[in-house]
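Asker: make a model of this:
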Amino acid sequence: MKVLYLTSYFYPEDVASSYLGHNVREAIVNEGMDIVLYTPVPTRGVNNNLRKQYRTIKKDEVWYDGHMTIHRFNLMRERKNPILRAIRYVLQELKHFTCAVFAKDAKQCEVIKLSSTPPIHGMTAAFIKKIRHIPIIFDLQDIFPDSLAGTGLTKKGGLLWKIGRMIENFTYRNADKIIVISEDFKKNIMAKGVPEEKIEVIYNWVDSDAVHPVSKEDNILFEEFGISKDKFTVVYAGNLGNAQNIEIIIDAASRLTGRDDIQFVIFGSGGLEDDIRKRIETENLTNVTLLPIQPYERVSMVYGLGDIDIVSCKAGLGGSAMPSKTWSIMSCERPVLASFDEGELKEIIEKNGCGVFTHAGNVVEFIKAIETLAADKERCKEMGKNARQFILENLTKEVGTRKYIEVIKSVVKK
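Answerer: Sure, this is the predicted structure:
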């Protein structure tokens with residue numbers, strides 16, 4: 001059996017949760033299947049020299065002892081401007097469609113596996129299916145256009161929203177299986193008419209061996225970045241965009257400038273990076289350190305810096321974004337400080353005693369939680385231990401990847 005992968009980003013690009021894709025592909029190959037993958041030349045998180053190297057490679061790459069073939073195609077570099085990014089996505093989808101329908105390797109594949117980025121990705125697969133008549137597995141990591149509304153790129157009921165909903169419905173109708181990353185996601189798309197039997201809930205797992213507890217004494221990042229070990233440290237790592245509501249962290253830091261015992265460390269990049277940097281400078285927020293996002297192999301040390309680590313979203317987006325970083329934080333034996341919509345995340349945190357939940361956008365609750373935990377570090381340690389135990393019992397790589405394999409086999413049998 002051969003699986004056709006159509007991806008927007010691939011190694012060596014620096015994207016969130018890239019380990020998940022690697023784990024699934026490795027499991028597919030270990031199951032005796034082959035993979036044919038089409039992706040643009042790397043753009044995100046790579047410098048011009050590395051990008052140039054990939055653009056000049058003539059041969060296709062072969063991984064996993066010949067069981068995965070990677071076809072890269074040239075495409076303009078990704079930009080922050082939403083219009084230029086949209087143009088790039090359209091060009092990418094045209095190339096993916098052409099490859100999937102006409103390329104020799106792709107025509108040998110029996111199933112399409114793809115994720116939800118960009119928003120038109122699923123629509124492309126649906127058109128391919130109408131010509132190739134092969135099943136689609138749609139991996140829903142973000143719900144569009146819900147998340148677009150959260151970033152401010154569209155408004156519910158507006159023209160772009162209506163177009164997004166049409167694309168969303170078209171994708172769901174043609175997908176044979178839709179993998180969602182939470183029960184909240186499942187409820188969301190079922191409310192839009194997706195049959196329950198078409199949906200599989202597979203939580204984004206974490207490699208508990210690779211993402212593990214690191215003590216402050218052994219964490220080299222304190223010295224490397226000049227961060228005090230003596231202060232209560234609040235860490236955020238990830239995308240700096242509207243949907244994540246990073247403003248609440250800066251607002252909290254601004255109101256806590258008088259607390260010399262509390263410091264904030266932010267690792268990230270994204271559309272609001274310049275705005276955040278400007279606020280830190282203009283408001284003289286000496287209690288905030290803004291650093292570049294770190295490679296995956298340092299994730300244990302990144303979250304290990306924190307006495308608590310943040311998961312946040314803009315109010316109203318909790319049902320369309322389940323942050324997989326939650327599991328990484330918990331696997332690092334650190335408590336989660338959530339600024340999120342009520343739902344599944346709150347239930348997990350409170351039921352298992354592995355963090356503190358505050359309502360999305362409520363800066364007063366958020367600050368109170370920080371001050372309360374700063375006054376009780378032993379409680380923080382206990383919640384961290386509970387968090388790690390939850391991961392070991394529920395969210396391992398082996399459980400997650402086995403579910404993916406079962407989904408692939410189920411659609412091909414049809």
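Asker: in terms of helices and strands, where is Leu4?
Answerer: Per DSSP states H and E, Leu4 falls inside strand 2-6.
Asker: helices or strands up against that strand?
Answerer: In this structure, strand 2-6 makes packing contacts with strand 34-40, helix 82-102, strand 111-115, helix 121-132, judged by 3 or more C-beta pairs under 8 Å, 6 or more residues apart in numbering; DSSP states H and E. Yep, even glycine has a C-beta here, placed from its N, CA and C like the rest.
Asker: so which of the ones you listed is the most surrounded?
Answerer: strand 111-115 (a mean of 24; mean count of other C-beta atoms under 10 Å).
Asker: gap between the two ends of stretch 175-193?
Answerer: One end of stretch 175-193 to the other measures 13 Å (C-alpha to C-alpha, to the nearest Å).
Asker: in which helix or strand would I find the nearest residue to Glu283 once chain neighbours are set aside?
Answerer: The spatial neighbour of Glu283 that comes closest, neighbours along the chain excluded (C-beta to C-beta, 6 or more residues apart in numbering), is Ser254 at 5.7 Å. Counting by DSSP H and E, the secondary-structure element that holds Ser254 is helix 247-255.
Asker: so which elements touch that helix?
Answerer: On a contact count with 3+ C-beta pairs under 8 Å, 6+ apart, helix 247-255 meets strand 262-269, helix 273-282, strand 288-291, strand 308-312, helix 363-374.
Asker: and Ile70, which of those is closest to it?
Answerer: Of all those, strand 262-269 sits nearest to Ile70, with 25.2 Å by C-beta to C-beta.
Asker: off-centre distance for the closest one?
Answerer: Here strand 262-269 is found 18 Å from its chain centre; the criterion is C-alpha atoms, centre = their mean, to the nearest Å.
Asker: tilt between it and helix 247-255?
Answerer: Angle of strand 262-269 versus helix 247-255, following axes from the mean of the first three to the mean of the last three C-alpha atoms, to 10 degrees, is 150 degrees.
Asker: buried ones in strand 262-269?
Answerer: Residues of strand 262-269 classed as buried by neighbour count (16 or more other C-beta atoms under 10 Å): Ile262, Gln263, Phe264, Val265, Ile266, Phe267, Gly268, Ser269.
Asker: adjacent strands (with direction) for that strand?
Answerer: When pairs are called by DSSP bridges, strand 262-269 turns out to pair with strand 232-239 (parallel), strand 288-291 (parallel).
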